[in-house]
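Engineer: fold the following and give me the result.
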Amino acid sequence: MKEQTLSLGLYNISFHWQGEEEQNATISSDLTSKATAPHHKVAISAIETLILSHFRAGVDILAPDYLKATEKAIEAILANQNR
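Structural biologist: A predicted model of the protein is given here:
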């Protein structure tokens, strides 16, 4: 089976799966390297899990509103590190 990849275009967030098995997709990104404190890493991991769950459920994760909301949530977590 051919490996499939879909990039979200934010923070190198990508989904990877084999053939037509989107339900078994995994997610990768460079977000955890941007989070400095352990609790920020947990928050980023939660966001990644939510995005992956939406992808597996068939939500249009490439919709402009979805991307904007995702970006805002990530920015809020990362901005909170400096407080």
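Engineer: which helices and strands sit right next to the longest helix along the chain?
Structural biologist: For the chain, the helix with the greatest residue count under DSSP state H is helix 38-57. Using 3 or more CB pairs under 8 Å, 6 or more residues apart in numbering; DSSP states H and E, the elements in contact with helix 38-57 are strand 26-28, helix 31-34, helix 64-79. Any C-beta I mention is one placed from the backbone N, CA and C, and that applies to glycine too.
Engineer: could you dump the lowest-mean-pLDDT helix or strand in the chain to CSV, C-alpha only?
Structural biologist: Least confident helix or strand, the chain: helix 31-34 with a mean of 85, by mean pLDDT, DSSP states H and E. Taking Å, rounded to 0.1, in the frame of the first residue of the first chain, the C-alpha atoms of helix 31-34 are listed here in CSV:
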residue,chain,number,x,y,z
LEU,A,31,4.7,21.9,17.8
THR,A,32,6.1,20.0,20.8
SER,A,33,9.5,21.5,20.0
LYS,A,34,8.0,25.0,20.3
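Engineer: what residues sit buried inside that helix?
Structural biologist: Neighbour counts over helix 31-34 (16 or more other CB atoms under 10 Å) mark residue 31 as buried.
Engineer: and what of stretch 13-33?
Structural biologist: 13, 15, 17, 25, 27, 29, 31.
Engineer: is the second one bridged to anything, and to what?
Structural biologist: The residues listed as beta-bridge partners of residue 15 by DSSP bridges are residue 6, residue 27.
Engineer: I figured it hits residue 3, correct?
Structural biologist: No. Contact criterion CB atoms under 8 Å: residue 15 and residue 3 do not qualify, at 10.8 Å.
Engineer: what do those two both touch?
Structural biologist: When contacts are counted by CB atoms under 8 Å, 6 or more residues apart in numbering, residue 15 and residue 3 have no shared neighbour.
Engineer: find the nearest non-adjacent residue to the residue nearest in space to the middle of the chain, please.
Structural biologist: Compute the mean C-alpha point of the chain, and by CA atoms, centre = their mean the closest residue is residue 48, 3.9 Å away. Take residue 48 and drop its neighbours on the chain: the residue closest to it by CB to CB, 6 or more residues apart in numbering is residue 27, 5.3 Å away.
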